[in-house]
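1. kindly generate the corresponding structure for this input.
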Amino acid sequence: MGFKGFFEGGIASIVAGCSTHPLDLIKVRMQLQGEAPAPPQTAFQTLRPALAFHTTTGHVHPHMGHISLPPPPPPRVGLVSVGMKIIQQDGVAALFSGVSATVLRQSLYSTTRMGLYEILKQKWTDPNSKNMPLMKKISAGLIAGGVGAAVGNPADVAMVRMQADGRLPLAQRRNYKSVLDAISQMAKNEGVASLWRGSSLTVNRAMLVTASQLASYDQFKEIILEKGLMKDGLGTHITASFAAGFVAAVASNPVDVIKTRVMNMKVEPGMVPPYSGAIDCAMKTIRAEGPTSLYKGFIPTISRQGPFTVVLFVTLEQVRKLLKEF
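-> Have a look, this model is predicted:
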């Protein structure tokens with residue numbers, strides 16, 4: 001297998017990533033709903049713009065000059081509403097904001113995890129039954145996902161930043177021109193270490209996704225074929241991959257929400273960062289928005305994870321057939 005596994009996985013991942021990018025962008029925007037604004041620089045900046053148009057019954061401190069009670073969070077909107085709002089404000093092309101980062105991310109992260117998983121799968125597969133035990137599949141996924149995430153983290157940070165940029169006021173937007181521009185600006189303005197911001201979350205999420213996605217796909221496929229429910233063809237591939245996508249979405253969504261917020265936070269020079277780390281972000285999110293906030297964006301997550309996983313494995317199986325003789 002060797003290089004071939006990396007090549008096949010890379011092609012399938014790029015096709016799947018680009019075709020489902022709009023759903024991924026909507027997922028990121030929904031995960032950031034309800035997040036507190038960046039730390040203010042003056043007391044007067046603690047007021048949200050919405051307060052200029054709404055009255056409040058909160059107590060006003062005459063000497064402090066601001067309201068003591070925080071404003072209520074804005075109403076949450078759904079998948080279709082977020083998508084329509086993006087199109088209305090910035091046009092259809094805005095749904096593909098950050099697609100260059102997606103291509104780079106899939107080229108680094110997914111190519112690595114898919115290729116490494118295949119190598120481990122070959123080494124750990126029973127030569128007699130031609131099957132690999134579920135626990136070994138999960139272990140291979142955990143290892144492959146962790147290594148792939150460490151390699152692709154800079155592209156992941158850039159992708160989140162570029163996807164989330166459109167939700168910011170015009171004056172606060174970063175306006176990255178491309179993924180390379182995003183990476184260079186982050187390295188220049190925030191230090192090289194910023195490219196690995198949230199890397200622990202990225203690695204944890206990637207381990208969960210890869211273990212649940214790749215392992216469950218192989219497991220579901222084996223069950224379908226062993227029980228004779230379907231032949232080894234398109235129907236089997238679609239069924240097994242959609243089931244794998246659902247498992248991956250359930251397992252990874254809480255980590256994905258925290259990862260998105262940590263990567264997207266804006267750190268001003270001389271100011272305290274909104275979150276000191278993953279645990280701090282999780283605690284603040286739960287306190288402010290409740291435990292269910294960790295599954296914020298689950299509908300677009302499964303709406304994206306399902307088609308992504310289907311396209312990924314269907315494309316992978318077809319590429320394998322084309323390259324079988326090589």
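2. wait, is Gly9 part of a helix?
-> Yes: under DSSP: H, G, I helix; E, B strand; the rest coil, Gly9 sits within a helix.
3. dump the residue contacts of the residue lying closest to Gly10 once chain neighbours are set aside.
-> Spatial nearest neighbour of Gly10, chain neighbours left out: Thr111 (3.6 Å); criterion: CB to CB, 6 or more residues apart in numbering. Where you see a C-beta, it was placed from the backbone N, CA and C, and this is true even at glycine. Residues near Thr111 by CB atoms under 8 Å, 6 or more residues apart in numbering: 6-7, 9-10, 13, 148.
4. cool, and Ala182?
-> 101, 158, 161-162, 174, 176.
5. inside helices: which ones of these?
-> 101, 158, 161-162 (DSSP state H).
6. find the pair from those residues with maximum spatial separation.
-> Pairwise distances among these were taken by CB to CB; the largest, 8.2 Å, belongs to Ala101 and Arg161.
7. how far away is the most centrally placed residue in the chain from Pro127?
-> Centroid-nearest residue in the chain, with CA atoms, centre = their mean: Asp256, separated by 5.6 Å. To Pro127, Asp256 is 37 Å away according to CB to CB, to the nearest Å.
8. could you do Ser100 as well?
-> 43 Å.
9. in terms of packing, which of the two has more residues around it?
-> Ser100 (20 against 5; other CB atoms under 10 Å).
10. I figured the more buried one hits Lys177, correct?
-> No: applying CB atoms under 8 Å as the test, Ser100 and Lys177 come out as separate, 9.4 Å apart.
11. which other helices and strands contact the helix or strand where Ala16 lies?
-> According to DSSP states H and E, Ala16 maps onto helix 3-19. Other helices and strands packing on helix 3-19, by 3 or more CB pairs under 8 Å, 6 or more residues apart in numbering; DSSP states H and E, are helix 99-105, helix 111-124, helix 298-322.
12. identify each buried residue in the last one, please.
-> Applying a neighbour-count criterion of 16 or more other CB atoms under 10 Å, one finds 298-319 buried in helix 298-322.
13. does anything pack onto the helix or strand bottoming out on mean pLDDT in the chain? Which helices or strands?
-> The helix or strand of the chain with the poorest confidence is helix 21-31; it has a mean of 81 (mean pLDDT, DSSP states H and E). For helix 21-31, the packing partners by 3+ CB pairs under 8 Å, 6+ apart come out as helix 79-90, helix 99-105, helix 134-164, helix 234-264, helix 298-322.
14. closest to Thr285 out of the ones you listed?
-> The nearest among those, by CB to CB, is helix 234-264 at 6.9 Å.
15. following that closest one, which helix or strand comes up?
-> Next along the chain after helix 234-264, with elements defined by DSSP H and E, is helix 278-289.
16. before we move on, back to that, from the contacts of Ala182, which would you call buried?
-> Buried by 16+ other CB under 10 Å: 101, 158, 161-162, 176, out of those.
17. closest to Gly83 out of those?
-> For these, the closest approach to Gly83 (CB to CB) belongs to Met162, at 17.1 Å.
18. where's the nearest residue to that closest one once chain neighbours are set aside relative to Ser19, distance?
-> Excluding the flanking residues, the one nearest Met162 by CB to CB, 6+ apart is Gly98, at 3.1 Å. Going from Gly98 to Ser19 by CB to CB gives 15 Å.
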